[in-house]
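Chemist: kindly return the folded structure for what I paste below:
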Amino acid sequence: MVLFHSMNDVIWYTTLTVIILLAYGTGANPLRVGGRFVRELAVSRSHLLLFAALLGILLLNKLELSFEGEMQYGADFTPLFYAIEGDLVANIQQLLVRDWLTPVMSFMYIVVFQSLLIASLVMYVYLDPTKRLYRATCYAIMINYVIAIPFFLYFPVNEAWFYHSNVSFPILETFPAFESEYRHLSGLDNCFPSLHTSISVTLAILAFRSKIRRWAWLVGISAAVIITSIFYLGIHWMTDMLGGTVLGIFSAALGLYFSRYDLPAGRTFPVPGSMRELTNKRR
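Modeler: As a prediction, this is how the structure comes out:
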């Protein structure tokens, strides 16, 4: 079953998913929630700069592939991972793969992963009068990338399906043009640590810190499914996942720490009520 014919389909699915997530997480009109996010960036210089820095890190991650192509490094640590794990990913994949489940796992890996990040940023601006969770999310995501990029450059590990003959790559069934359309966002040897794991763990931790029970459980369950999808789709090794989990926990803790000392400069868009009051309404 083909879900994505091109990146345009990914963009449309992501937009729709973000709208649904915002409506579910806030209980409000998602257009109103999005409008408040834009207005907050317009009136708060520090929050705008933090958002710009986050976009800059994401751009740097994309440019990393160009840097890597110009390097004469040539190392490959994939055999080390295979020596440690053997057929573990292949066995997990054989246990899980079903025709009906492949579109679900592909959708979670490609669309829901990035939708949770976008929705979290927008929602925390809307719900949190202090904007601390917004700042914590921005910091934590940047920390994830800042730590991961050097590993991608100097500790290259190929995706499991590319190295292991018994591991398949079922995402091509749902996104046949994955290699030509999506690959420029994720290098073939950018496996360790798994950013899909680390960012999912980070978002889950921050969601539980928000005290919004329904949102916390949604993000937590989604994170678990996304992490499962990296094995289902034959992309990551177990070691990638373990490294990503440690990175995600560390980044969330450090992001929360930094957010304590970053007070917004200038005006911020007023939000009626408190986080606790909004949380209680949605339980």
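Chemist: can we go C-alpha only for contacts and neighbour counts from here?
Modeler: Noted.
Chemist: where do the helices sit along the stretch 101-250 of the chain?
Modeler: Ranges of helices within the stretch 101-250 of the chain are 101-107, 113-127, 132-154, 160-163, 171-174, 178-181, 195-209, 213-232, 238-259, based on DSSP state H, counting those that start in this stretch.
Chemist: distance from the chain centre to the fifth one, please.
Modeler: What separates the centre of helix 171-174 from the centre of its chain is 20 Å, taken as CA atoms, centre = their mean, to the nearest Å.
Chemist: report all helices and strands that that helix contacts.
Modeler: helix 101-107 (3 or more CA pairs under 8 Å, 6 or more residues apart in numbering; DSSP states H and E).
Chemist: for the helix it packs on, C-alpha coordinates in CSV please.
Modeler: The C-alpha trace of helix 101-107 is given here as CSV (Å, rounded to 0.1, in the frame of the first residue of the first chain):
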residue,chain,number,x,y,z
LEU,A,101,1.1,-3.1,9.9
THR,A,102,3.7,-1.8,7.5
PRO,A,103,1.6,1.4,6.6
VAL,A,104,1.1,2.1,10.2
MET,A,105,4.7,1.8,11.2
SER,A,106,5.8,3.9,8.1
PHE,A,107,3.3,6.6,9.0
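Chemist: got the buried residues for that helix?
Modeler: 102-103, 105-107 (16 or more other CA atoms under 10 Å).
Chemist: would you mind giving these as a markdown table with distance to residue 180 and pLDDT added?
Modeler: Below are the buried residues of helix 101-107 laid out as a markdown table (distance: CA to CA, whole Å; pLDDT from 0 to 100):
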| residue | distance to residue 180 | pLDDT |
| --- | --- | --- |
| 102 | 20 | 98 |
| 103 | 19 | 98 |
| 105 | 20 | 98 |
| 106 | 16 | 98 |
| 107 | 18 | 98 |
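Chemist: from those residues, pick the one nearest residue 15.
Modeler: The shortest approach to residue 15 among the buried residues of helix 101-107 belongs to residue 107, at 13.1 Å (CA to CA).
Chemist: any idea which element the residue lying closest to residue 232 once chain neighbours are set aside lies in?
Modeler: Leaving aside its sequence neighbours, residue 232 sits nearest to residue 93 (CA to CA, 6 or more residues apart in numbering; 5.0 Å). Residue 93 is part of helix 88-96 when elements are defined by DSSP states H and E.
Chemist: can I get that helix in PDB? Just the C-alpha atoms.
Modeler: In PDB, the C-alpha atoms belonging to helix 88-96 read as follows (Å, rounded to 0.1, in the frame of the first residue of the first chain):
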ATOM      1  CA  LEU A  88      18.800  -9.500  16.700                       C
ATOM      2  CA  VAL A  89      17.200  -6.900  14.400                       C
ATOM      3  CA  ALA A  90      16.400  -9.600  11.700                       C
ATOM      4  CA  ASN A  91      14.700 -11.700  14.400                       C
ATOM      5  CA  ILE A  92      12.700  -8.800  15.700                       C
ATOM      6  CA  GLN A  93      11.600  -7.900  12.200                       C
ATOM      7  CA  GLN A  94      10.500 -11.400  11.300                       C
ATOM      8  CA  LEU A  95       8.500 -11.500  14.500                       C
ATOM      9  CA  LEU A  96       6.600  -8.200  13.900                       C
END
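Chemist: helices and strands around that helix, which ones?
Modeler: Short answer (3+ CA pairs under 8 Å, 6+ apart): helix 88-96 packs on helix 213-232.
Chemist: what does the average pLDDT come to for the helix it packs on?
Modeler: For helix 213-232, the mean pLDDT works out to 98.
Chemist: buried ones in that helix?
Modeler: Of the residues in helix 213-232, 213-216, 218-220, 222-223, 225-232 count as buried by neighbour count, 16+ other CA under 10 Å.
Chemist: ok, back up a step: got the confidence number for the residue nearest to residue 232?
Modeler: Predicted confidence (pLDDT) for residue 93: 97.
Chemist: perfect, I'm done here.
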